[in-house]
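1. Predicted model and sequence follow; I will ask about them next.
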Amino acid sequence: MSGRGGRLVTFYSFKGGVGRSTVLATVAWILASSGRRVLVVDMDLDSPGVHRFFPDIPGLAPGLDPDLWVRRQSGMLDLLLRYVARRARGGAGEDPAEAADQILAGLGRYIIEKLGAEYREHGGDIHLIQAGYADRDYSRHLIDLPWNQLFVTGPDGQSWSPFLEKFRERVCADYDYVLVDSRTGLGELASISTMSMAHLVVNCFGMSRQGMRGAYELTRSARVPVLPVPTRIELTEPRRAEVARQNYRRQFNDRLPPWAGDPDTYWRSVEIPYHHMWALEEIPAPLSSVGDPVVRACEHLAGLIEYGASGQAGGWPVGGLDTVPLRALDRDRHTSLQARALRQREPAYSHLLVSFAELERPWASWLAGQARELGFEVIEHLVRAAKPPAADDGAAGITRDVGINGDEDPTLEANRLVSQLHEKAEGSFGVVPVLSWDYAAAPVVGPLVEQLRGELTPSKDLCLLPVAVYAEEIIGRPLELNATRLYDLEPHLASQVVADLLGPPLRDAPPAGPAGSRRPAGEDYPGAVPDDPVRLAAQALETALRRQDPHEIVEQLLRGGELALAGYRRQSARGDFSRALERATDEERTSPGPATDPTRVAYRLMRARALIGLARAAVTQLGRSELSEQFRQWQDDLERAWKLADPLWADQTHRSAALRLRTRVLVVRADNPAMSKDEFNVAWERLRALIKAMTPRPPTPIATELATSVAECLLALARLGRSRRRGPDGAVSESAWREQRTGYALEAQELFGVNRDFAGAARATIEIGLIRAERFGESDGTRDLVRDQVRFAYQDAARYMDRAGPDDLSLPEQHEILTGLGLAETTAEQAKRTHLRALTRARKAEGIFPNLAVRSYYHLGKLSEDTERYEYFGWAISRWSNRSIGVVEEYADAFLADEVRDWIHDERYDRAFRTRAQLAVGPEAAMRAAVRAAWTKLRLGGQHREQDVAVIAGWLDKRRVPSSATQTFIDRSFGVHDAAELSFALFVDPVSRRHRR
């Protein structure tokens, strides 16, 4: 083979609709961006269309439709028809190879050149041979084509096609890669593309049984290497997706080329998920976002194709694969390609109002900058909940002529604002509300939205353009707005989302700033926000209910309970877990077969998960008394879950599942803050026995499936030790007990690390830091050493967190690591920077985990001074009171600590106290909060302070809090003078001077 010696790669799928053409076009763009000359051949003659992924038509006259122009060019069908006609005229005596040479001498006329102009400067190019001239006779020509005349029988009796051989030789001599888009099914076209032409076949298949089986049959019978590529994997159905993965891996593993490398690595690399963006229209790959999962998989696929092609002379090489990255376009070329390739919104307005609350100012500034660069005139509108200070009248970013007056009636204010917009924009304007919790709560927003809805007409249906910048499901409800998501995007894609949302301005206007001064797309982008898992869980449950899939219904109920539990929505969690328990119990009871039947085992394990979830939902409601109803229910739920493992324990097949189940039960037991000595001893012995059962004798490596369970048990032992200062029997010194617990945590950390469970390793490292932090009170001489040890532990945890990736550690776990690191930092500046990182993560999903933001605001308030401190504490308390957040006990106690008393206004502090009293975790936590509130009242002064304290005392009396417990807390927490004053105020009636209790 002369010339470039390229390789012909056929992209095939047994069924249509699996994204075959998308994969081919994306690989073509990737190869061209790396400097390769690529020819795309559309052999899907029945349904051509791959040309739509390549919008550049050189020399196209203005006003002509590029799609129509391409369809009017001759292509593969015309070549085949000319060859068949030539063979018919030449008769049996003509050499078929010579006839093919004569037809292919004019091949250049059929090639549409220079489609990949964006990468030409890097040496890459994309050319196209399309399906054929699409006139009214196209279908008749295709039906009448005599396929058998393309082939001849050789001396060995084998059928072969001189024309196709010559075609492959010619195109491979001129191009590095020839990518052929094949027809689906098992007909003549598919056979020609895969058997007669290809050096390599990329076999795309979906998850249906029919498509998977057809793909396997092609792979099994092909005489060339085949790369099977699973496509359109639906990630919202994880259980079904995993079953499908098991099926296709079992079928195809033995059919992979030897140079594909490790099967597990191969499948993880080339699996192409379903992505809604690619389903809406044909998108050239350079317009995708950085990190797009479809492009990422195609980059790995291009690496495989490159790696395989490199061994063409001496056979296909054996080894791994390299990724061929898609080279990003600069912004001007990206914008130019987007204008040619994608459907565009028609101009509707020239002026924009960006309306936002104070905390979303960074988002508003970024949006305004993006809009100005697109040519819009932008007005920034800050909404306020109260009248702003006089000094803020000229604040940057607020347009004075449409500013607001905090005392103005919200409806009148909204009417005035819309009227001024009409006047400035001459009736043509758009409004972009930046939705957030604070924005939805602002008084003017409701009337403003209603006023704007009244402006909507069929010709002005694009007037209201809300955007969501945080994953808060609730913020759109009061306003009934469906927002465009701007969070959890790459900066480059976020800019394109804004451009698509706004469209072009109604009147031509130059972009803001001088030529060449446009900012990078990602500059000032406020950040990425993860998808809302609560919404995904609700959608998955709705789908399962619609399908009446009992197993999936229970699974999604359990998932919803876990998410509610993580967000401290305990009532919702109990509801989901109770429904899951009821359904799983019914399904297990009605399932035929013995107790060890796989279906019954699955439902039994689900029952156990539901019981464990119910126990976890109750754990922070437990008081110190073991006689409480909640405590008895907690014990009962965990004991029932423990006993559900009995029949599984007796069966060797299911023993691993039983061990994992009992591990989870004991982990929950270890987290009980109200554990008695007897309960502690039971959990301690069970954990040790479970570790012994999972650890082989003589010592050998622990089975991989059990290693994580052993690590969880070891970590539970370390956590369990928090409730006993001197060991199970009280005979161990505190320092020796800490060392023993540290040893358990270190063993857990090592096991997690060996098994690459970096999330588990991060949790174990956090525990090591917490154990070391217990030494803070020993002496002043060790304080700095201990702080360094704790900081190092949290730094290690942060490194594990980065290695684990965003999907392995939950947002609360990530927040815990950053908060702990902030508390252990040596300087206030470093600590504040770390807590701001934690706050950024917390605000990304404030609607799901509202307690995290409250915690970060509190710590930032402690590190701040003057007005900034007041702001942080104020935001913390307002979010706490607005969202009915349940908070863990140690944090609830700290929230009303000394630092708050001087900075929270009296009236506002009243509101915080009432909320705190309602949400207190157990009677002791409520008592502590009430005592701190009473002390703050006394310190703040005021003519009604005695009456206010009397109200608090009455509240304590109604809660039946023992006065002895209150007095003990006062004596332990306050100085002599303060304790005496506080005791007198709480226990002595101010009028009768008698003790209340």
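-> Ah, there it is.

2. Pop the domain breakdown of the protein in here.
-> Using automatic domain parsing, the domain parsing of the chain gives 7-335, 352-502, 901-997.

3. Could you pull up the contacting residues of residue 551?
-> Contacts for residue 551 (Cβ atoms under 8 Å, 6 or more residues apart in numbering) come out as 239, 587, 602, 603. C-beta coordinates here come from the backbone N, C-alpha and C atoms, glycine included.

4. Look up the pLDDT of it for me, please.
-> Listed pLDDT for residue 551 reads 79.

5. Heading C-terminal from the helix or strand harbouring it, find the next helix or strand.
-> Using DSSP states H and E, residue 551 falls within helix 550-566. Sequence order places helix 570-590 as the next helix or strand after helix 550-566, per DSSP H and E.

6. And that next one, what does it pack against?
-> helix 550-566, helix 598-619 (3 or more Cβ pairs under 8 Å, 6 or more residues apart in numbering; DSSP states H and E).

7. Just put those in JSON lines and tack on distance to residue 223.
-> Formatted as JSON lines, those follow (distance: least, Cβ to Cβ, whole Å):
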{"stretch": "helix 550-566", "distance to residue 223": "42"}
{"stretch": "helix 598-619", "distance to residue 223": "40"}
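
8. of all those, which lies closest to residue 823?
-> Comparing those against residue 823 with Cβ to Cβ, the closest turns out to be helix 550-566 (21.4 Å).

9. that older thread, so which of the contacts of residue 551 is the closest to residue 739?
-> Nearest member of those to residue 739, counting by Cβ to Cβ, is residue 602, at 41.9 Å.

10. what's the closest non-adjacent residue to the closest one?
-> residue 551 (6.8 Å; Cβ to Cβ, 6 or more residues apart in numbering).

11. count of neighbours near residue 137?
-> By other Cβ atoms under 10 Å, 10 other residues sit near residue 137.

12. cool, and residue 146?
-> 11.

13. tell me the contacts of the closest residue in space to it that isn't next to it in sequence?
-> Spatial nearest neighbour of residue 146, chain neighbours left out: residue 84 (6.0 Å); criterion: Cβ to Cβ, 6+ apart. By Cβ under 8 Å, 6+ apart, the contact list for residue 84 reads 145, 146, 149, 150.

14. same thing with residue 74?
-> Contacts here follow Cβ under 8 Å, 6+ apart; on that basis residue 74 touches 109, 110, 132, 133.

15. Can you classify it by secondary structure?
-> Secondary structure, DSSP: H, G, I helix; E, B strand; the rest coil: residue 74 is coil.

16. Can you tell me how far it is from residue 594?
-> Separation of residue 74 from residue 594 (Cβ to Cβ, to the nearest Å) stands at 69 Å.

17. And residue 267, by the same measure?
-> Taking Cβ to Cβ as the measure, residue 267 falls 35 Å from residue 594.

18. Those two: which is more packed in?
-> With neighbours defined as other Cβ under 10 Å, residue 267 and residue 594 compare such that residue 267 has more, 19 against 9.

19. For residue 499, grab the count of nearby residues.
-> Neighbour tally, residue 499, other Cβ under 10 Å: 20.

20. give me every residue that touches the closest residue to it other than its chain neighbours.
-> Nearest residue to residue 499, sequence neighbours excluded (Cβ to Cβ, 6+ apart): residue 374, at 6.1 Å. Neighbour list for residue 374: 498, 499, 502, 504, 505, 511 [criterion: Cβ under 8 Å, 6+ apart].

21. For residue 633, state which of those residues is nearest.
-> Using Cβ to Cβ, residue 498 is the member of the contacts of residue 374 that lies nearest residue 633, at 51.2 Å.

22. The closest one: what secondary structure?
-> Classification of residue 498 using three-state DSSP returns helix.

23. Just give me the neighbour total for it.
-> Neighbour tally, residue 498, other Cβ under 10 Å: 23.

24. out of the helices and strands packed on helix 570-590, nearest to residue 788?
-> Of those, nearest to residue 788 by Cβ to Cβ is helix 550-566, at 31.5 Å.

25. In CSV, list the C-alpha atoms belonging to the closest one.
-> This file holds the C-alpha atoms of helix 550-566, laid out as CSV (Å, rounded to 0.1, in the frame of the first residue of the first chain):
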residue,chain,number,x,y,z
PRO,A,550,-41.3,-4.0,42.8
HIS,A,551,-37.6,-4.4,43.3
GLU,A,552,-36.8,-1.0,41.8
ILE,A,553,-39.6,0.7,43.8
VAL,A,554,-38.1,-0.5,47.1
GLU,A,555,-34.6,0.4,45.9
GLN,A,556,-35.7,4.0,45.1
LEU,A,557,-37.6,4.3,48.4
LEU,A,558,-34.4,3.3,50.2
ARG,A,559,-32.4,5.8,48.2
GLY,A,560,-34.9,8.5,48.9
GLY,A,561,-34.7,7.8,52.6
GLU,A,562,-30.9,7.9,52.5
LEU,A,563,-30.9,11.3,50.8
ALA,A,564,-33.5,12.7,53.2
LEU,A,565,-31.4,11.4,56.1
ALA,A,566,-28.3,13.1,54.8
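
26. Measure how that helix sits relative to helix 598-619, angle-wise.
-> 20 degrees (axes from the mean of the first three to the mean of the last three Cα atoms, to 10 degrees).

27. In helix 550-566, which residues are buried?
-> Using 16 or more other Cβ atoms under 10 Å as the test for burial, helix 550-566 gives 550-566.

28. now stretch 351-368
-> Under the neighbour-count criterion of 16+ other Cβ under 10 Å, stretch 351-368 has 351-358, 360-361, 363-368 buried.

29. now it: mean pLDDT?
-> The model assigns stretch 351-368 a mean pLDDT of 85.

30. what do you get for stretch 453-472?
-> In this model, stretch 453-472 has an average pLDDT of 63.

31. cool, stretch 328-342 as well?
-> Mean predicted lDDT for stretch 328-342 stands at 68.

32. Okay, helices next: where are they in the stretch 701-850 of the chain?
-> Ranges of helices within the stretch 701-850 of the chain are 704-720, 734-754, 758-773, 780-804, 811-824, 828-844, 850-863, based on DSSP state H, counting those that start in this stretch.

33. Please look at residue 707 and residue 751 and confirm they touch.
-> Yes: shown here, residue 707 and residue 751 form a contact pair, counting by Cβ atoms under 8 Å, at 5.4 Å.

34. When those two are compared, which one has more neighbours?
-> Between residue 707 and residue 751, residue 751 has the larger neighbour count (other Cβ under 10 Å), namely 24 against 18.

35. Against residue 438, how distant is that one?
-> 45 Å.

36. do residue 987 as well
-> 42 Å.

37. Comparing these two, which residue is more hemmed in?
-> Legend: neighbour count by other Cβ under 10 Å for residue 987 and residue 438, higher for residue 438 (22 against 17).

38. Would you mind confirming that residue 719 makes contact with residue 767?
-> Yes: using Cβ under 8 Å, residue 719 is in contact with residue 767, at 6.2 Å.

39. So for the two, which residue has more residues nearby?
-> Neighbours per residue, other Cβ under 10 Å: of residue 719 and residue 767, the larger number sits with residue 767, 25 against 22.

40. who's in contact with that one?
-> 715, 718, 719, 745, 748.

41. Apply the buried test to these and list what passes.
-> Buried among those by 16+ other Cβ under 10 Å: 715, 718, 719, 745, 748.
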